[in-house]
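Visitor: Got a predicted structure here, sequence first:
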Amino acid sequence: GTGETIPLEHNENLSHVDGAMGMARGAEEDSADSQWYITDTEQHGLDPENREDGGYAVFGIVRDGMTYVREIANTPTVTNPASDQGVQNPGPDLLGRPIREVHIDSMRMLGVADPDGTIRFGELTEIRDEKMRGKDGQWVRPHPGPFIWNHIEKEKGKFNWEEADKYVVYAQEHNQTILATIWPHANWEQKSCKRKKAKSPFGKRFTKYLSKPCSMDDYKNFLVKLVDRYDGDGSNDMPGLTKPIKYWDVMNEPEFKMFFKGSKEDFIEIFNFSSKVIKEKQPDAVIVMAGAAGMFPESKKYWKVVLPKIKDNFDIANIHHISGPDGQCDKQLWVDEFAALLKSTDVDKPIWLTEAMTCGPPVKAWVNAFLNGAELIIDVGVNAPGRKMSKKVRKKLNEFIAEYDGFTSIKSISEKKVEFSYKDGSKKILEF
């Protein structure tokens, strides 16, 4: 080892699932140095809650390449290899030494920048809440987030990027990919044509107006500057930008008056205008449809009209799942009904579930959503308004995410069993 030890630290979102990467240590909790291990089966007996000595720290998960780990695990071993077998035995009491040297030639960190797009999970985030900052290496959707016209340009021509930059810097430092929600409202701008004030669920920190911009030219100026700061093209970028924002979510649940005080036609105009401006400034941008607020009758009616008029201006279809007035949840998190709506309006786009609230066992609901066509699921987060998961249930969800993320496809084998396939050809079975 290096002779320099590190303190024992645990991340509550990581445990010894199949493929966990952890730090080896001695008898003392803070004795880890440079040796580490990969589990080739679940080893929850190493988790701190199952031990009296502090347990072992997991720092990562093998996303791709478990077939190689299994090959290493299956290498024949002997109790005390002789020196002529080419293995240097560090001590006579070590068991299970391989009969030949085994090398890992290379490893790389896979985050949501994975070019194969196989990271399947994320969280809504609020940077002021340390429990709502998202997991390392996954998607984050700041909500309502800092990409609000009124926050950035509080007076015409005066731009303040401080809060937005904080979110971007944090995401860079934690290998997160941002899905940025754009809110096209500024108090000063809407006062200019005497728009009426609106009531928002986000309180005083949010804009007081939620109508269509009075001047689309003023809105365009803001939008161009926003994209220009975070597009990573080397011109007018945020200082220190290393992870550009590529995914833009234009507005949020516009069928609800608490998020948008305008007509369907107003929304259609704003959305199509925004998409064209963003794509012109950032050709490789990915436009995500404003999230539909579930598949309640009023939402279906709204999107049945709107979808055909915006479908050429977004890349990802977007559904939210929130509990209904009766407090109940949909077993497929609305994905099946949303997929049917898309088909009925001749929309053939990938489906993301960017706001997932669950009432019952979340793992089964999330698997159902994936089986019905969702490609990405973003959890509402531990401190989001509404019903809360118990610590035990959330732990199970986090273990599911850690163990099964990175899959390229999923299929149902039986009512209580599904199979996940991975890029390296490996497969994992989940039984309910």
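Guide: Received it, and whenever you're ready, just let me know what you need. Numbers count the residues shown, from 1 in each chain.

Visitor: quick one, phi/psi of the closest residue to Q282 other than its chain neighbours?
Guide: Distances taken as CB to CB, 6 or more residues apart in numbering place D231 nearest to Q282, at 4.5 Å, with adjacent residues excluded. Backbone N, C-alpha and C define where each C-beta goes, glycine included. Main-chain torsions, D231, degrees, to the nearest 10: phi -90, psi -10.

Visitor: tell me the contacts of E42?
Guide: Listed by CB atoms under 8 Å, 6 or more residues apart in numbering, the contact set of E42 reads 16-18.

Visitor: To clarify, my last question referred to S323.
Guide: Neighbours of S323 in contact, by CB under 8 Å, 6+ apart: 329, 357, 359, 386-387.

Visitor: So for it, what's the pLDDT?
Guide: Here the pLDDT value assigned to S323 is 78.

Visitor: my guess is it is in a helix, correct?
Guide: No: S323 sits outside any helix when classified using DSSP: H, G, I helix; E, B strand; the rest coil, being coil.

Visitor: roughly how far apart are it and I119?
Guide: Counting by CB to CB, to the nearest Å, the separation of S323 from I119 is 26 Å.

Visitor: How about G26?
Guide: 35 Å.

Visitor: okay, the two: which has more neighbours?
Guide: I119 (20 against 11; other CB atoms under 10 Å).

Visitor: so where is the protein shaky, pLDDT-wise?
Guide: 13, 63-64, 79-96, 109-117, 324-325, 327 (pLDDT under 70).

Visitor: show me where it has helices.
Guide: In the chain, the segments counted as helices under DSSP state H are 66-73, 149-152, 162-173, 187-191, 216-230, 264-281, 297-310, 335-344, 362-371, 391-404.

Visitor: Which of the contacts of E42 lies at the shortest distance from A402?
Guide: Within those, proximity to A402 (CB to CB) peaks at V17, which comes in at 5.2 Å.

Visitor: Can you verify my assumption that that closest one contacts I61?
Guide: Yes: with contact defined as CB atoms under 8 Å, V17 reaches I61; the gap is 7.0 Å.

Visitor: what sits in contact with each of these two?
Guide: With CB under 8 Å, 6+ apart, V17 and I61 have common neighbours 402-403.

Visitor: one step back: adding mean neighbour count, write the helices of the chain out as CSV.
Guide: Converted to CSV, the helices of the chain look like this (neighbours: other CB atoms under 10 Å):
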stretch, mean neighbour count
helix 66-73, 15
helix 149-152, 21
helix 162-173, 18
helix 187-191, 18
helix 216-230, 19
helix 264-281, 18
helix 297-310, 16
helix 335-344, 18
helix 362-371, 21
helix 391-404, 17
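
Visitor: Ok, which of those helices comes nearest D33?
Guide: helix 66-73 (21.2 Å).

Visitor: Can you give the distance of the closest one from its chain's centre?
Guide: Chain-centre distance of helix 66-73: 28 Å, with CA atoms, centre = their mean, to the nearest Å.

Visitor: mind checking how far G232 is from T242?
Guide: 8 Å.

Visitor: Equivalent analysis for P350, please.
Guide: From P350 to T242 the distance is 26 Å (CB to CB).

Visitor: So for those two, which residue has more residues nearby?
Guide: P350 (15 against 11).

Visitor: my guess is that one meets I319, correct?
Guide: No: if you go by CB under 8 Å, P350 and I319 don't touch, sitting 11.5 Å apart.

Visitor: picking up where we left off before, quick one: neighbours of the residue nearest to Q282, just the number.
Guide: D231, neighbours per other CB under 10 Å, totals 22.

Visitor: Same question for N236.
Guide: Neighbours of N236 (other CB under 10 Å): 12.

Visitor: what does S409 give?
Guide: S409 has 12 nearby residues by other CB under 10 Å.

Visitor: what's near enough to touch it?
Guide: 420-421.

Visitor: Could you measure from it over to F370?
Guide: 9 Å.

Visitor: swap in K208?
Guide: Applying CB to CB to K208 and F370 gives a distance of 39 Å.

Visitor: now C214
Guide: For C214, the distance to F370 - CB to CB - is 43 Å.

Visitor: now do E4
Guide: 43 Å.

Visitor: Nearest residue to H16 in space, ignoring adjacent ones along the chain?
Guide: Q43 (4.1 Å).

Visitor: My error: substitute E355 in the last question.
Guide: Nearest one to E355, counting by CB to CB, 6+ apart, is H320 at 3.7 Å.

Visitor: What is the neighbour count of that neighbour?
Guide: 24.

Visitor: can you check G19 too?
Guide: 25.

Visitor: I'd say it and Y68 touch.
Guide: No: the criterion here is CB under 8 Å, and G19 misses it with Y68 at 11.1 Å.

Visitor: Now for these two: what residues contact both?
Guide: With CB under 8 Å, 6+ apart as the test, G19 and Y68 reach no residue in common.

Visitor: so can I have JSON lines of the helices of the chain showing distance to H10?
Guide: JSON lines is the format used below for the helices of the chain (distance: least, CB to CB, whole Å):
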{"stretch": "helix 66-73", "distance to H10": "23"}
{"stretch": "helix 149-152", "distance to H10": "35"}
{"stretch": "helix 162-173", "distance to H10": "20"}
{"stretch": "helix 187-191", "distance to H10": "44"}
{"stretch": "helix 216-230", "distance to H10": "33"}
{"stretch": "helix 264-281", "distance to H10": "41"}
{"stretch": "helix 297-310", "distance to H10": "41"}
{"stretch": "helix 335-344", "distance to H10": "34"}
{"stretch": "helix 362-371", "distance to H10": "22"}
{"stretch": "helix 391-404", "distance to H10": "12"}
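
Visitor: Minimum distance to K135: which of those helices has it?
Guide: helix 391-404 (7.8 Å).

Visitor: so how far is that closest one from its chain's centroid?
Guide: 14 Å.

Visitor: Which residues does stretch 376-386 contact?
Guide: For stretch 376-386, using CB under 8 Å, 6+ apart, the contacting residues are 119-126, 129, 131-132, 139, 141, 179, 201, 322-323, 333, 352-357, 366, 369-370, 388-389, 394, 397.

Visitor: Now, those that are in strands?
Guide: 121-125, 139, 141, 179, 352-356 (DSSP state E).

Visitor: any idea which of the residues you listed is closest to H103?
Guide: Using CB to CB, the ones in strands among the contacts of stretch 376-386 come closest to H103 at F121, 31.9 Å.

Visitor: Compute the number of surrounding residues for that closest one.
Guide: 24.

Visitor: Kindly give a single PyMOL line that selects the buried subset of the contacts of stretch 376-386.
Guide: Per 16 or more other CB atoms under 10 Å, the buried members of the contacts of stretch 376-386 correspond to this PyMOL selection:
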select buried, resi 119+120+121+122+123+124+125+126+132+139+141+179+322+333+352+353+354+355+356+357+366+369+370+389+394+397
